[in-house]
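[1] Coordinates only, no sequence provided:
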């Protein structure tokens, strides 16, 4: 089955700096890659996603890139703010297999003011 | 659109007891997923429904677990004879399946289960 690895497990940055989280996946059939932000005691919240026919997508301070050949995708957050502090999860899914998602183990991002 | 809701938010039970959780998806979403999340891990897929049909179950879902979605709207997840290893956050997500691209899943706040 699909395996998703996520790095780093923890990331600490100064407010205003950029943060990058990287994921790799194993199943070349995966065609949808969402990123979620999870705050303590809450469910994951979708922040951005990318489909396999697109190499890059941007939404204000957040961007995601996808390299299908290398089976890599990354989350980029620019101009980080303290409220960006949370656990971030990447995931991969396959439309034809019901769209269930396989998640990475998460990255705890801390933005220091 | 009120989002995905889950009840109860927290459940504490003694080992051996049965528990049932409820999930109300976003209205008109035809797919509903259950995931389990333990501390420091990402959510793990348990099962999913398209309308009222349960289409896939993970090997994580032992015989003590059963899920239903009787009218294609809300869903329940029951755990019989709970064990301490069942302690986790149980997450529900829903999506609208449509032809073409993969569906976006929206998660509820989860039910935190503690088995004593």
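    Great, that's in hand. Just so it is clear, the structure is predicted and the values come from calculations on it, not from any experiment.
[2] worst-scoring helix or strand of chain B, pLDDT-wise?
    The helix or strand of chain B with the poorest confidence is strand B:53-57; it has a mean of 91 (mean pLDDT, DSSP states H and E).
[3] So which other helices or strands are in contact with whatever helix or strand comes next after that strand?
    Downstream of strand B:53-57, the next assigned helix or strand under DSSP states H and E is strand B:65-68. Contacts defined by 3 or more C-beta pairs under 8 Å, 6 or more residues apart in numbering or on different chains; DSSP states H and E place strand B:65-68 against strand B:44-50, strand B:75-79. (Glycine included, C-beta is placed from N, CA and C.)
[4] hmm, 10 Å instead?
    When contacts are defined as 3 or more C-beta pairs under 10 Å, 6 or more residues apart in numbering or on different chains; DSSP states H and E, strand B:65-68 packs onto strand B:19-24, strand B:31-37, strand B:44-50, strand B:53-57, strand B:75-79.
[5] ok and the least confident helix or strand of chain B relative to strand B:44-50, angle-wise?
    160 degrees (axes from the mean of the first three to the mean of the last three C-alpha atoms, to 10 degrees).
[6] name the helices or strands packed onto strand B:53-57?
    Looks like strand B:53-57 contacts strand B:31-37, strand B:44-50, strand B:65-68 (3+ C-beta pairs under 10 Å, 6+ apart).
[7] Please tell me the pLDDT value assigned to residue B:102.
    pLDDT recorded at residue B:102 is 58.
[8] Nearest residue to the single nearest residue of chain B relative to chain A in space, please, no chain neighbours.
    Closest approach between chain B and chain A, counting by C-beta to the nearest C-beta: residue B:42, at 3.1 Å. Computed as C-beta to C-beta, 6 or more residues apart in numbering or on different chains, the closest residue to residue B:42 that is not its neighbour in sequence is residue A:103, at 3.1 Å.
[9] same deal with residue A:16?
    Nearest one to residue A:16, counting by C-beta to C-beta, 6+ apart, is residue A:79 at 5.9 Å.
[10] where in chain B is pLDDT low?
    For chain B, the stretches flagged by pLDDT under 70 are B:1, B:99-102.
[11] Geometric centre of it: which residue is closest?
    Centrality entry for chain B: nearest residue to the mean C-alpha point is residue B:34, 2.9 Å, by C-alpha atoms, centre = their mean.
[12] so how far is residue A:100 from that one?
    10 Å (C-beta to C-beta, to the nearest Å).
[13] Mutual contacts of the two, please.
    Taking C-beta atoms under 10 Å, 6 or more residues apart in numbering or on different chains as the contact rule, residue B:34 and residue A:100 both touch B:45, B:46, B:47, B:48, B:58, B:93.
[14] Could you list which of those also contact chain A?
    B:45, B:46, B:47, B:48, B:58, B:93 (C-beta under 10 Å from any C-beta of the partner chain).
[15] which among the residues you listed gets closest to residue B:5?
    residue B:93 (12.0 Å; C-beta to C-beta).
[16] Cool, thanks, signing off.
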